[in-house]
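*Asks:* With the sequence up front, the predicted model follows.
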Amino acid sequence: MIPRIYIDTSVIGGCFDKEYEKPSKQLWNEFLAGKKLALLSDLLQLELEEAPARVRRLLNELPDSSIERLSLDVEAIELANVYIQDGAVAESSLSDARHIAMASIARADVLVSWNFKHIVNLNRIRRFNAVNLKLGYPIIEIRSPSEVLNEN
């Protein structure tokens, strides 16, 4: 079974950042090769409207067979609001909470991000998962792109 990986905006931007470029591009190549399925949300696409053109073009390289599209719906909005109410993230990190909510609801195998302050952070991950368990959602794995690469 192909791993289903929810990506946030930082993963795509990482392909153009010296510090994160190599693992980001390796992950991207795994999507292109069909080794992994990229879960792309409409929130990601909205955030990319503000990104440089080269970042937006990269998203268009993925074939439909490598993509599962997700929508920000009422359920995800409500779950994100609970993350904020329970202190997993501040209200100023609403979009981060919404990414995590969509990945949780979609039962992604993992959410990948380079956002170490608000997403890939052990204390926050524990709080997101406490909310998920309390509300009947699965635990969500949250990792950096480096941690999910095939080791071929």
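*Replies:* Received, thanks.
*Asks:* looking at this protein, which helix or strand is least sure?
*Replies:* None of the helices or strands of the chain scores lower by mean pLDDT, DSSP states H and E than helix 53-60, at a mean of 89.
*Asks:* Quick one: name whatever helix or strand follows that one.
*Replies:* Towards the C-terminus, the helix or strand next in line after helix 53-60, according to DSSP states H and E, is strand 67-70.
*Asks:* so where is the chain shaky, pLDDT-wise?
*Replies:* Counting by pLDDT under 70, the ranges of the chain that qualify are 151-152.
*Asks:* what ranges do the helices span in it?
*Replies:* In the chain, helices defined by DSSP state H lie at 9-14, 21-32, 42-48, 53-60, 74-85, 94-105, 122-135, listed in chain order.
*Asks:* Please work out which of the ones you listed is packed deepest.
*Replies:* Mean neighbour counts were compared across those using mean count of other CB atoms under 10 Å; the top stretch is helix 94-105, at a mean of 24. All C-beta spots, glycine's among them, are computed from the backbone N, C-alpha and C.
*Asks:* That one to helix 122-135, inter-axis angle?
*Replies:* Counting by axes from the mean of the first three to the mean of the last three CA atoms, to 10 degrees, helix 94-105 points 50 degrees away from the direction of helix 122-135.
*Asks:* what packs against helix 94-105?
*Replies:* Where contact means 3 or more CB pairs under 8 Å, 6 or more residues apart in numbering; DSSP states H and E, helix 94-105 is packed against strand 4-7, strand 37-41, helix 42-48, helix 74-85, strand 110-112, helix 122-135.
*Asks:* mind running it again at 6 Å?
*Replies:* Based on contacts counted as 3 or more CB pairs under 6 Å, 6 or more residues apart in numbering; DSSP states H and E, the elements that helix 94-105 packs against are helix 74-85.
*Asks:* Relative to the whole chain's centre, how far out is the helix it packs on?
*Replies:* Once both centres are worked out by CA atoms, centre = their mean, to the nearest Å, helix 74-85 turns out to sit 16 Å from its chain's centre.
*Asks:* would you put the C-alpha positions of that helix in PDB?
*Replies:* Taking Å, rounded to 0.1, in the frame of the first residue of the first chain, the C-alpha atoms of helix 74-85 are listed here in PDB:
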ATOM      1  CA  VAL A  74     -17.000  22.100   8.600                       C
ATOM      2  CA  GLU A  75     -15.600  19.000  10.400                       C
ATOM      3  CA  ALA A  76     -12.000  20.100   9.900                       C
ATOM      4  CA  ILE A  77     -12.800  23.700  10.900                       C
ATOM      5  CA  GLU A  78     -14.500  22.500  14.100                       C
ATOM      6  CA  LEU A  79     -11.600  20.100  14.900                       C
ATOM      7  CA  ALA A  80      -9.000  22.900  14.300                       C
ATOM      8  CA  ASN A  81     -11.000  25.100  16.700                       C
ATOM      9  CA  VAL A  82     -10.800  22.500  19.400                       C
ATOM     10  CA  TYR A  83      -7.000  22.300  18.900                       C
ATOM     11  CA  ILE A  84      -6.900  26.000  19.600                       C
ATOM     12  CA  GLN A  85      -9.400  25.900  22.500                       C
END
